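> my questions concern the predicted model and sequence given below.
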2 protein chains.
Amino acid sequence: MSGGIVVVGLGPGNPDQMTPEARDALAEASDFFGYAPYLDRLELAPGQRRHASDNREELSRAGAALEMAASGRSVAVVSGGDAGVFAMAAAVCEAIETGPAAWREVEFRVVPGVTAMLAVAARTGAPLGHDCCAMSLSDNLKPWDLIEARLRAAAGAGFVLAFYNPVSRARPWQLGRAFEILREILPAATPVIFGRAAGRPDERMTITTLREARSDQADMATCVIVGSPETRVIARGGRPPLVYSPRSAGRRTR
Amino acid sequence: MSGGIVVVGLGPGNPDQMTPEARDALAEASDFFGYAPYLDRLELAPGQRRHASDNREELSRAGAALEMAASGRSVAVVSGGDAGVFAMAAAVCEAIETGPAAWREVEFRVVPGVTAMLAVAARTGAPLGHDCCAMSLSDNLKPWDLIEARLRAAAGAGFVLAFYNPVSRARPWQLGRAFEILREILPAATPVIFGRAAGRPDERMTITTLREARSDQADMATCVIVGSPETRVIARGGRPPLVYSPRSAGRRTR
């Protein structure tokens, strides 16, 4: 049997939000690579082998997975959410490009999933209802100046913003600085959503404003959505408010 | 029984890419609202009623669905891809905000799905591997000047771009104009993907460059992804090339 590698997006965490395509791809694999908390979500069958690694080790994990696939094993590399949004598909591609020529011959497939910003948006209304950006706030792999420039460009042009990797123990100030920058550009009343663990038992959705938003409202499991100047909040008696970004923009008549 | 409304993202079109949560939500509904081609994907049970409407009728469709839900029916409103990305969740929120007060009391839920750009990205590698924007190129609901400004801001800041609604019979020139603008900003060799009907039997993925890209390579079922200056193409002997956007950016050492 010839091996191969499949990079699988597990979805936000609720098993009902993982696609049948992902489930089937996992059933067919012999070896599982990923960040330990994602592997913990899987119920492996006897004979399926687990190769956990820490986060921030994506490239070495990708190389180990490719080496095993090249040796003839059926390898699954798992990511939370979607495999292609701040996740392992890009790391595996990078390893293919920079690794041994034989790795280009390995069968390679990506199985998409529901990425965090979509799950958070669904739980709060339709905040991504118009043009939007997904950004990582981590400056581990890009300079902070570039992140600031992108924040200013995207917010200034009216995009809704979704932040991945908003904070971590090693990156305590970046989200607060991002809010400072955005307060220079956007109205203070702009809606901000802290969407933690969407779809999981410990889910917590917080809707606030840019004026009130504090970085300690986020942790590593949080996706932060910052509205555009057109994003609206609908109060509902007895039900949580809804946040949405209208389909129309720029004050054109509908 | 008290009614309610659920807005469901069906995924890109391959049934294996629809989540179990979406499938279960559809099974529980009595009345189905949506654009006819999306409703055509469903196998309704006896007693489940179909209310098809044309596209560009989103707001009146949302109102009709809410009215029926307020009358006590269990209503599903369906969208292709994800329900919150250029889809029906925002239209239903808009109808709730502007409609009768009773509509705010209706139970409302959104079920997320795999949106087109994720499915297209998965079929071609990891082009959305870093900061990215999703934009609608339709100027039906926003002025073209605003679209141009967003194109310039996002491309200039190094975001990967994903275009929804790139062309239609009524909007023949917008995508070509977008490519012209981007050629002023991005290298001519920037990868461009025309991802048509990802995951469906008539899927067609075309990888080209900004220099070569032509608007007649897209139709209404196409999601177009334009890379950033850092997006790369990996040639592979005997296999299709891979497109990916590296996790690191701005030439920082890794």
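The structure has been received and is ready for your questions.
> domain-wise, how is chain A divided?
Following automatic domain parsing, chain A resolves into domains at A:4-114, A:117-244.
> quick check: which ranges of the stretch 101-250 of chain A have low pLDDT?
Along the stretch 101-250 of chain A, the model assigns pLDDT under 70 to no residue.
> what residue in it comes nearest to chain B?
At 2.8 Å from chain B, residue A:129 is the closest residue in the stretch 101-250 of chain A, using Cβ to the nearest Cβ. In short, each C-beta sits where N, CA and C put it, glycine included.
> isn't that residue up against residue A:243?
No - in this structure residue A:129 lies outside contact range of residue A:243 using Cβ atoms under 8 Å: 9.4 Å.
> more crowded one of the two?
Neighbours were counted for residue A:129 and for residue A:243 using other Cβ atoms under 10 Å in any protein chain shown; residue A:129 has more, 32 against 26.
> nearest spatial neighbour of that one, chain-adjacent residues omitted?
residue B:90 (2.8 Å; Cβ to Cβ, 6 or more residues apart in numbering or on different chains).
> and the one you found, what element?
Taking DSSP states H and E as the definition, residue B:90 sits inside helix B:88-98.
> which SS state does residue A:195 fall under?
strand (DSSP: H, G, I helix; E, B strand; the rest coil).
> element containing the nearest residue in space to it that is not next to it in sequence, please.
Leaving aside its sequence neighbours, residue A:195 sits nearest to residue A:120 (Cβ to Cβ, 6+ apart; 2.9 Å). Using DSSP H and E, residue A:120 sits within helix A:116-124.
> partners of the very next helix or strand once past that helix, with directions?
Sequence order places strand A:125-126 as the next helix or strand after helix A:116-124, per DSSP H and E. The strands that strand A:125-126 pairs with in its sheet are strand A:239-244 (parallel) (by DSSP bridges).
> mind listing what's buried in the partner strand?
Residues of strand A:239-244 classed as buried: A:242, A:243, A:244 (neighbour count, 16 or more other Cβ atoms under 10 Å in any protein chain shown).
> what do you get for stretch A:41-58?
Buried residues in stretch A:41-58, counting neighbours by 16+ other Cβ under 10 Å, are found at A:42, A:48, A:53, A:58.
> what's near enough to touch residue A:48?
Shown in contact with residue A:48 (Cβ atoms under 8 Å, 6 or more residues apart in numbering or on different chains): A:29, A:30, A:31, A:32.
> biggest separation within the residues you listed, which pair?
With distances taken as Cβ to Cβ, the most widely separated pair in the contacts of residue A:48 is A:30 and A:32, at 8.4 Å.
> neighbour count for those two, which is higher?
Just comparing residue A:30 and residue A:32: by other Cβ under 10 Å the higher neighbour count belongs to residue A:32, 21 against 17.
> in what helix or strand does the more buried one lie?
Taking DSSP H and E as the criterion, residue A:32 maps to strand A:31-35.
> just the CA coordinates of that strand, formatted as PDB?
Below are the C-alpha coordinates for strand A:31-35, written out as PDB (Å, rounded to 0.1, in the frame of the first residue of the first chain):
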ATOM      1  CA  ASP A  31      -1.200   7.600  12.200                       C
ATOM      2  CA  PHE A  32      -2.400  10.900  13.700                       C
ATOM      3  CA  PHE A  33      -0.300  14.000  14.100                       C
ATOM      4  CA  GLY A  34      -1.400  17.100  15.900                       C
ATOM      5  CA  TYR A  35      -1.400  19.400  18.900                       C
END
